[in-house]
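**Student:** Next come a sequence and a model predicted from it.
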Amino acid sequence: MNNLDWTLITFLIVISGSIAFIGNYVGRRVGKRRVSILGLRPYYTSMIITILTGIIITTVTLTILVSTSSSMREALENKAQLQETIKLLSQKLSTTQSELSIRASELNAAIEYQKKLEEKINEQNEKVRNLEKRLKEMKDEIKTKEVALKNREIALEESRSSLKELDRQRKELTDIIAKLNKDKEELRREKERLTEESKQLKDKLIKLEKEISVLEDQRRILNNKLELYSSELSELKKEISDYKVRALELRKEIKNKEEQLNLLRYQKIIFYGGEIILAETINGPKSEQEARDSLKYLLDRANEIIKAKYTQLGVYLVADSKENVLSTYDPNELEFAIKSLKEEQRLIRIKVKNNTLIREPVHLVIESLKSKLVFNKDETITFKFVSSKLPRNKIVEELDLMLDEVKKEGIRRGMILDHLINPVTNVSYETLLNLSVRIKVKYSKVDSALVLVKAERDIYTGGPLRVRFELR
């Protein structure tokens, strides 16, 4: 920064600004007077003057730099020589760097080799220590084996005297095996194998006294097997007794199932579990007596529906008969429903708790659910463009899909629908056929019809979904 010619720089800045100001001024004057050079438009004439001004600024700047700065002049004159010098220095630098990398790699290889030699030396030292330790252990083991050999010689002498006792024990084992064979066929086969092994062992004991220890081991194995077989036999007896008890229980259960099956063959299910008998939205809040009266009215209607179902099946109930109890319900559920009606509007649903046969009391479930307005009257629930070029059956399918969309939208907004019946109660297949005819005839020229599905009335949480179609 200290070697810069600040006077020259300041002078260049002032000269450049002056020339730019003059060029701008001349350009504006030419633009205002709409002067034309060589027959060009004034716009292009102003552009040429501005370009010439920039050329003059660069020319004046280079002239001043060359005339006033010797270093700038030398740089322009000796440009090729400076580039060659820089190239040579770069080559030397790259050569020096490659030599340094080679020396570094050789140094690293030498260090790595030295580490490997040190590791090998350490491994050899460790092997020498292990061999010395192993030699010491072998010496101790030889001494131990010598002592054990002397002890076995003494034990061999004692075994000769106990040979008769072993024979007597062998006979006892044979008798025990014979008794166990009566309880289990598998033990009989094992006894024969053991008897054969005992004879072979006796012959070997006469010829080779050194095999007495083997016979002792086999005797111990036989004792363990006898104990194992005895425990297995007791477990088998216990399992047999358990199986007998289980068989009696299964016979009783089969008999009960057969009785139930015979009963079901001659009876018919009148209501299925989960079936909704009655669903009604009751406005609230109400007083306790009003809520109780409303629920009593719904229960009476449910009993009337049950009676009507019996009448449809050709079963006529005798009035005021103790055997003809139509329905039962949980009083706690009734009290909960009364309490909920005292607070707000509710959806009351009376459902069947489980499958009910003819002449059995229907166990009712009283549900009190929150009720709200889901669709306003005349509200558009869904719409779709249906092509009039489609066949009638395809148009009916499209309309049926729109009804499915209505059902999904109702569920999305919080409607509680009965899974056993169709929630859309007022649209029949004939209605869909009539709509398909109208679309084919009336909208044949415009290729498609806009089909709207609207709510026929205010629809609450409990439904039903009463809708109507409109064509546009």
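**Tutor:** Cool, the structure landed.
**Student:** in the stretch 51-200 of the chain, which spans are helices?
**Tutor:** Secondary structure of the stretch 51-200 of the chain (DSSP state H, counting those that start in this stretch): helices located at 70-77, 79-161, 163-183, 185-207.
**Student:** For Ile15, which of the ones you listed is the nearest?
**Tutor:** Proximity to Ile15, assessed across the helices of the stretch 51-200 of the chain by CB to CB, is greatest for helix 70-77 (15.8 Å). Any C-beta I mention is one placed from the backbone N, CA and C, and that applies to glycine too.
**Student:** Averaged pLDDT, that closest one. What do you get?
**Tutor:** The average pLDDT for helix 70-77 rounds to 64.
**Student:** do stretch 88-103 as well
**Tutor:** Rounded to a whole number, the mean pLDDT of stretch 88-103 is 78.
**Student:** Not counting its own residues, what contacts it?
**Tutor:** Taking contacts as CB atoms under 8 Å, 6 or more residues apart in numbering, no residue outside stretch 88-103 touches it.
**Student:** What residues sit buried inside it?
**Tutor:** For stretch 88-103, burial by neighbour count (16 or more other CB atoms under 10 Å) applies to no residue.
**Student:** what separates the residue positioned nearest the centre of the chain from Met402, distance-wise?
**Tutor:** With the centre of the chain defined as its mean C-alpha position, the nearest residue by CA atoms, centre = their mean is Arg412, 24.5 Å away. As defined by CB to CB, to the nearest Å, Arg412 lies at a distance of 15 Å from Met402.
**Student:** Could you do Gly274 as well?
**Tutor:** From Gly274 across to Met402, the span is 28 Å (CB to CB).
**Student:** who's more crowded, those two?
**Tutor:** Between Gly274 and Met402, counting by other CB atoms under 10 Å, Met402 is the more crowded of the two (22 against 14).
**Student:** OK, contacts around the more buried one?
**Tutor:** Taking CB under 8 Å, 6+ apart, one finds 382, 384, 451, 453 in contact with Met402.
**Student:** hmm, try it at 10 Å
**Tutor:** Residues near Met402 by CB atoms under 10 Å, 6 or more residues apart in numbering: 381-384, 386, 427, 432, 451-453, 467, 469.
**Student:** Tabulate these in TSV, adding columns for secondary structure and distance to Gln289.
**Tutor:** Compiled in TSV, the contacts of Met402 are given as follows (DSSP: H, G, I helix; E, B strand; the rest coil; distance: CB to CB, whole Å):
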residue	secondary structure	distance to Gln289
Ile381	strand	38
Thr382	strand	43
Phe383	strand	47
Lys384	strand	49
Val386	strand	53
Val427	coil	40
Leu432	helix	47
Val451	strand	48
Leu452	strand	45
Val453	strand	42
Val467	strand	37
Phe469	strand	44
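**Student:** What's the ChimeraX line that selects buried ones from those?
**Tutor:** Paste this into ChimeraX to select the buried members of the contacts of Met402, with burial taken from 16+ other CB under 10 Å:
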select :381,382,386,427,432,451,452,453,467,469
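**Student:** pLDDT-wise, what's the bottom of the contacts of Met402?
**Tutor:** Scoring the contacts of Met402 by pLDDT puts Val427 last, at 80.
**Student:** Help me confirm that it comes into contact with Leu435.
**Tutor:** Yes: taking CB atoms under 10 Å as the definition, Val427 is a contact partner of Leu435 at 9.4 Å.
**Student:** Which neighbours do these two have in common?
**Tutor:** Among the neighbours of Val427, those also in contact with Leu435 (CB under 10 Å, 6+ apart) are 399, 469.
**Student:** Arg349: how many residues sit nearby?
**Tutor:** A count of nearby residues for Arg349, using other CB under 10 Å, gives 20.
**Student:** Pull the contacting residues for it.
**Tutor:** Residues in contact with Arg349, defined by CB under 10 Å, 6+ apart, are 276-280, 298, 337, 365-369, 416, 418, 462.
**Student:** just checking, which of these belong to helices?
**Tutor:** When DSSP state H is applied, those are split such that 298, 337 fall in helices.
**Student:** Whichever of the contacts of Arg349 end up buried, select them in PyMOL.
**Tutor:** Selecting the buried subset of the contacts of Arg349 in PyMOL, with 16+ other CB under 10 Å as the burial test, is done by:
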select buried, resi 276+277+279+280+298+337+365+366+367+368+369+416+418+462
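**Student:** Farthest pair within the contacts of Arg349?
**Tutor:** Taking CB to CB, no two of the contacts of Arg349 sit farther apart than Ala337 and Asp418, at 18.4 Å.
**Student:** how far away is Glu235 from Ser241?
**Tutor:** Going from Glu235 to Ser241 by CB to CB gives 11 Å.
**Student:** try Leu166
**Tutor:** The value you get for Leu166 to Ser241, if CB to CB is used, is 39 Å.
**Student:** quick check, nearest of the contacts of Arg349 to Ile221?
**Tutor:** When these are ranked by distance to Ile221 (CB to CB), Val365 comes first, at 68.7 Å.
**Student:** surely the closest one meets Phe336?
**Tutor:** No: Val365 lies out of contact with Phe336 (CB under 10 Å); the separation is 11.5 Å.
**Student:** picking that back up, want to throw the helices of the stretch 51-200 of the chain into CSV with distance to Phe11?
**Tutor:** CSV is the format used below for those (distance: least, CB to CB, whole Å):
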stretch, distance to Phe11
helix 70-77, 14
helix 79-161, 25
helix 163-183, 128
helix 185-207, 122
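**Student:** so which of those helices gets nearest Asn24?
**Tutor:** The closest of those to Asn24 is helix 70-77. By CB to CB, the value is 28.1 Å.
**Student:** what comes into contact with stretch 404-422?
**Tutor:** Among residues not part of stretch 404-422, those counted as contacts by CB under 10 Å, 6+ apart are 272, 274-276, 279, 347, 349, 351, 367, 369-375, 381-384, 403, 423-424, 427, 453-455, 459-465, 467.
**Student:** circling back to that earlier point, select from the helices of the stretch 51-200 of the chain the stretch with the lowest mean pLDDT.
**Tutor:** Within those, confidence is poorest for helix 70-77, with a mean of 64 (mean pLDDT).
**Student:** can you list the contacts of Met402 in a markdown table and add distance to Thr61?
**Tutor:** Shown next, in a markdown table, are the contacts of Met402 (distance: CB to CB, whole Å):
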| residue | distance to Thr61 |
| --- | --- |
| Ile381 | 79 |
| Thr382 | 77 |
| Phe383 | 75 |
| Lys384 | 75 |
| Val386 | 78 |
| Val427 | 89 |
| Leu432 | 89 |
| Val451 | 79 |
| Leu452 | 78 |
| Val453 | 81 |
| Val467 | 85 |
| Phe469 | 85 |
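**Student:** Would you mind checking which of the contacts of Met402 is nearest to Glu290?
**Tutor:** When those are ranked by distance to Glu290 (CB to CB), Val467 comes first, at 32.1 Å.
**Student:** Dig out what the nearest residue to the closest one once chain neighbours are set aside forms beta bridges with.
**Tutor:** By the measure of CB to CB, 6 or more residues apart in numbering, the closest residue to Val467 outside its immediate chain neighbours is Val453, 5.3 Å from it. The bridge-partner assignment for Val453, based on DSSP bridges, gives Thr382, Phe469.
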